[in-house]
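[1] coordinates only, no sequence provided:
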């Protein structure tokens, strides 16, 4: 049994969610994805669709910390924040609450940054080359008008901007994670095995 | 037995060389470090000390590709290149020759980029937080006038500039490697075990 909270950040189409689910199953710990969205929906009043759409990809422009600073007046913090910032604050609270319950797997949503000072965490980044990811998203989600390469670039770019905005760190920089794995060269199953192996370290 | 050429890039003080040696020993394959410098010294005429000092840390200013472009005239390529560029070209040739001999471990010197299109390679990045690395360099190399934090920042910064100059890629960005490992949280032995495990995959 692991005592770790495992966060998985991932490039779009790299199989990070599948790997997260496999890890949770193998270790017998909860995998939070739908439950996280349910909880955020309950606390924020936003719809599930909105949270799925905006929770990692918002087109953010002004500084979050600036918004926090100018919002910290007697009118109250939350009321003067942008919709995206409100959602981020809500996601932060839900992720902290879920992690406090015990070992689990949480995918995306800046969970690595939100839990960076928490002991007994394991932060993972999953990536892969364009070719493997393009093949994967076409197989799983079908074709669209846009080429798969264009879809990947757009999603990655939005995640990168979102992460930078809320954490002031660079998404996908190795030093932010305990373990970064190329799911294209290693394969989804091997990635899950390595993560479980490391999670079970004393 | 592995059929892989393993390149190890590393933050200064993260234990990347120690991990490289352990991996080579466990897999029974050559670890190129002194031999690489010997070979570069023989082919370039530069001294061992100069190669150790400049081979990963040069203070490079103008674009390598620009230098290549302007140097490609009838006067000959090598003669009009900077000392740092000559050393890079020589290191590139030596690294390609060593890799062509068969499975081995090569540490640093942009080997990951130089061999990026070669099949049967495994590219690793080793990093760790400032605290673990500071403790390590003081233990291994002793105290100096500079604080260990300052020494680490300077070395990392020079490696980053050198790598960007010669590869136009970002040093330490997860997607450039098959596997990135935090030697501070995982430990040197666990890092070596994970690399060997992956190297032995069919």
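    That came through fine. Because the structure is predicted, anything quoted here is derived from the model rather than measured. Numbers count the residues shown, from 1 in each chain, chains lettered A, B, ... in the order given.

[2] quick one, what contacts the residue sitting nearest the centre point of chain A?
    For chain A, the residue sitting closest to the mean C-alpha position, by C-alpha atoms, centre = their mean, is residue A:108 at 0.7 Å. Applying C-beta atoms under 8 Å, 6 or more residues apart in numbering or on different chains, we find residue A:108 in contact with A:8-10, A:16, A:55-56. For the C-beta atoms, the positions are set from N, CA and C on the backbone; glycine is no exception.

[3] let's see that with 10 Å instead.
    For residue A:108, the contacting residues are A:7-10, A:16-17, A:20, A:33, A:36, A:55-56, A:91, A:159, A:162-163, by C-beta atoms under 10 Å, 6 or more residues apart in numbering or on different chains.

[4] for chain A, what lies in contact range of chain B?
    Residues of chain A lying near chain B by C-beta under 10 Å from any C-beta of the partner chain: A:9, A:11, A:14, A:121-123, A:125-130, A:156, A:170-182, A:184-187, A:190-191, A:193-194, A:197-198, A:201.

[5] packing partners of the helix or strand where residue A:162 lies?
    When elements are assigned from DSSP states H and E, residue A:162 belongs to helix A:148-167. Under the contact criterion of 3 or more C-beta pairs under 10 Å, 6 or more residues apart in numbering or on different chains; DSSP states H and E, helix A:148-167 touches strand A:5-10, helix A:64-71, helix A:83-101, helix A:111-114, helix A:130-141.

[6] report the buried residues of the shortest one.
    Going back to what we said before, that points to helix A:111-114. Using 16 or more other C-beta atoms under 10 Å in any protein chain shown as the test for burial, helix A:111-114 gives A:111-114.

[7] sorry, back to before: for ChimeraX, what selects the buried ones among the residues of chain A next to chain B?
    Buried residues within the residues of chain A next to chain B, by 16+ other C-beta under 10 Å, are selected in ChimeraX with:
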select /A:9,11,14,121,122,123,125,126,127,128,130,156,171,172,173,174,175,176,177,178,179,180,181,182,184,185,186,187,190,191,193,194,198
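
[8] sorry, back to before: select, out of the helices and strands packed on helix A:148-167, the one closest to residue B:24.
    Among the helices and strands packed on helix A:148-167, the nearest to residue B:24 by C-beta to C-beta is helix A:130-141 (28.9 Å).

[9] what sits up against that closest one?
    A:11-15, A:18, A:127-128, A:143-144, A:147-153, A:155-156, A:182-185, A:187-188, B:175.

[10] change it to 8 Å
    So helix A:130-141 is contacted by A:11-15, A:128, A:148-149, A:151-152, A:183-184 (C-beta under 8 Å, 6+ apart).

[11] one more: stretch A:187-202?
    So stretch A:187-202 is contacted by A:2, A:4, A:6, A:15, A:18-19, A:22-23, A:26-27, A:122, A:124, A:126, A:178-179, A:181, A:183, A:186, B:186, B:190, B:194, B:197-198, B:201 (C-beta under 8 Å, 6+ apart).

[12] among the residues you listed, name the ones in helices.
    Of these, the ones assigned to helices by DSSP state H are A:18-19, A:22-23, A:26-27, A:183, A:186, B:186, B:190, B:194, B:197-198.
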